[in-house]
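> A structural model of the following input is requested.
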Amino acid sequence: MEKRRLGCLRVLAAVIGGACAIIVALALVLATHTQVIVGAIQSLSADTVKTTNTYEPEGEPIDAVRDNGQRIITEIAYADEYPNSFLDITYPDSDTSVRRPTLVYFHGGGFFGGSKSVGDPLASSDVTSLLDDLCAAGYNLVNVDYGLVPDCRFPVPVIQANQALAWCVTHAEEYGLDMADVTIMGSSAGAIITSQLGAAISNPEYAAALGIEPALGPGQVRALVIDDAPLVYDEFSLGTKVLVGNYVRGTIFLSGEEVHLYDATQWVAPSYPPAVLLGSEYVNDMRHMDAALTEAGVAHELVDPLAERGLEMPHCFVASERVDEVARDAFERTLAFLEERAA
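Predicted structure coming up:
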């Protein structure tokens, strides 16, 4: 009886050990082939958000005045080298001859989804009203799409962002864009791009490392608005490492050199543009950027509801500025910061 019991225990231990080995092996495969996970997310999200890459516009181009009085021109191709290279321009009213500052915006979406027309599937609220209100505050708003994984990994979206800026410079007179007075804003993944653009514009070593010749100089950029960007890779949660690691190289095991190139906090120079930092889910990353900007002597403001009010706000919370007083405060502080740096 005792021998039989020991035999059963050995069999059970072997089964459990084998199952554990399979789980560990599967986890290792997924950790080193993150697109398997992200691809599944893309497939599940495909009915509700853009997760594909295309060289064709999402819809028919529009040039019209909306019900709120803002004129919008959509689906303008800014380049043809990479997919999703389209942008929209929205003006506060139908008169595009009025001289106004330009605000260039990059959407979020974990680099696997989202678009200029839909926004970020990972954020808690709709960004459309935020962009309408930024435009209404007196900005000609350029809303930019870029390529998604797995076809377009870092630094391709940053290269595309610079291509979009270059297009705006080339076509500034045609579309009434003041490219000597530019604010660059991004949320989540778009905020990562924004922070990296700021580094490329102000740090020639970083621009060279990305293979970018910046379309703008620091003197042309009024400010950056970095809305909840995950930047400090070594401090990410596993879920964020999967998304960002997949974006960088398709694995969570990034090299020190890859992490260094990705993390804009490590490339801040004294000529980095003035910046508003909006922190909520990634407030720790925004605090790291705050410290880097402080050390470099760069004018900036950190909006940190957790430190200021003891409130944990949802990811990219400023998009709720029409219905939430904390978000409204962040929105108004952002506008005030930008106005203080008006050309």
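> Y78 is in contact with W167, isn't it?
Yes - between Y78 and W167 there is a contact under C-beta atoms under 8 Å: 3.7 Å. Using the backbone N, CA and C atoms, a C-beta is placed for each residue, glycine as well.
> touching both of those two, which residues are there?
L87 (C-beta atoms under 8 Å, 6 or more residues apart in numbering).
> show me what contacts the closest residue to R99 other than its chain neighbours?
Residue nearest to R99 in three dimensions, not counting chain neighbours: D178, with 5.9 Å by C-beta to C-beta, 6 or more residues apart in numbering. Taking C-beta under 8 Å, 6+ apart as the criterion, D178 is in contact with R99, R100, P101, T102, N140, A172.
> please repeat the previous calculation with a cut-off of 7 Å.
By C-beta atoms under 7 Å, 6 or more residues apart in numbering, D178 lies in contact with R99, R100, P101, T102.
> ok, now S271?
Counting by C-beta under 7 Å, 6+ apart, the residues that S271 touches are S202, P218.
> cool, the one 4 residues further on as well?
If you count contacts by C-beta under 7 Å, 6+ apart, A275 has them with G198, A223, L224, I226, L293, V298, H300.
> among those, which one sits closest to C135?
Among those, A223 lies closest to C135 (C-beta to C-beta), at 16.5 Å.
> if we can go back for a sec, mark which of the contacts of D178 are buried, thanks.
R100, P101, T102 (16 or more other C-beta atoms under 10 Å).
> got CSV for those residues, with distance to L261 and secondary structure too?
Converted to CSV, the buried ones among the contacts of D178 look like this (distance: C-beta to C-beta, whole Å; DSSP: H, G, I helix; E, B strand; the rest coil):
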residue, distance to L261, secondary structure
R100, 35, coil
P101, 31, strand
T102, 28, strand
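> reformat those as a markdown table; add distance to G59 and pLDDT.
Shown next, in a markdown table, are those (distance: C-beta to C-beta, whole Å; pLDDT from 0 to 100):
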| residue | distance to G59 | pLDDT |
| --- | --- | --- |
| R100 | 26 | 97 |
| P101 | 28 | 98 |
| T102 | 24 | 98 |
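> of the residues you listed, which is the nearest to I252?
The closest of these, once distances to I252 are taken by C-beta to C-beta, is T102, at 37.2 Å.
> so how far is F111 from the closest one?
To F111, T102 is 25 Å away according to C-beta to C-beta, to the nearest Å.
> same deal with Y91?
29 Å.
> which residues touch the most centrally placed residue in the chain?
The C-alpha lying nearest the average C-alpha coordinate of the chain belongs to G190 (C-alpha atoms, centre = their mean; 1.6 Å). Shown in contact with G190 (C-beta under 7 Å, 6+ apart): F106, H107, G108.
> contacting residues for the first one?
With contact set as C-beta under 7 Å, 6+ apart, F106 has these partners: V144, A161, G186, G190, I193, T194.
> L210 reaches P157, doesn't it?
No - look at L210 against P157 with C-beta atoms under 7 Å: they stay out of range, at 10.9 Å.
> more neighbours, the two?
P157 (26 against 20; other C-beta atoms under 10 Å).
> mind checking pLDDT for that one?
pLDDT for P157: 98.
> dump the residue contacts of the closest residue to it other than its chain neighbours.
Setting aside the residues directly before and after it, P157 is nearest to Y146 in space (C-beta to C-beta, 6+ apart), at 4.1 Å. Y146 makes contact with N84, P157, Q160, A161, according to C-beta under 7 Å, 6+ apart.
> in helices, which of those residues appear?
In helices, defined here by DSSP state H, the members of those are P157, Q160, A161.
> in contact with the second one, which residues?
Think Q160. Q160 neighbours (C-beta under 7 Å, 6+ apart): A79, Y82, S85, Y146, G147.
> any chance you could map the helices in the stretch 101-250 of the chain?
Applying DSSP state H, counting those that start in this stretch to the stretch 101-250 of the chain gives helices spanning 128-136, 156-170, 172-175, 189-202, 204-210, 238-248.
> quick one: mean pLDDT over the fourth one.
To tie it back to what came earlier, the one meant is helix 189-202. Rounded mean pLDDT across helix 189-202 is 98.
> could you number the chain from 12 rather than 1 from now on?
Taking 12 as the first residue, the last one we looked at is helix 200-213.
> could you give the angle of it to helix 249-259?
50 degrees (axes from the mean of the first three to the mean of the last three C-alpha atoms, to 10 degrees).
> distance of L208 relative to L227?
L208 is 8 Å from L227, by C-beta to C-beta.
> what do you get for A172?
On the measure of C-beta to C-beta, A172 and L227 end up 11 Å apart.
> please consider this matter closed, and thank you.
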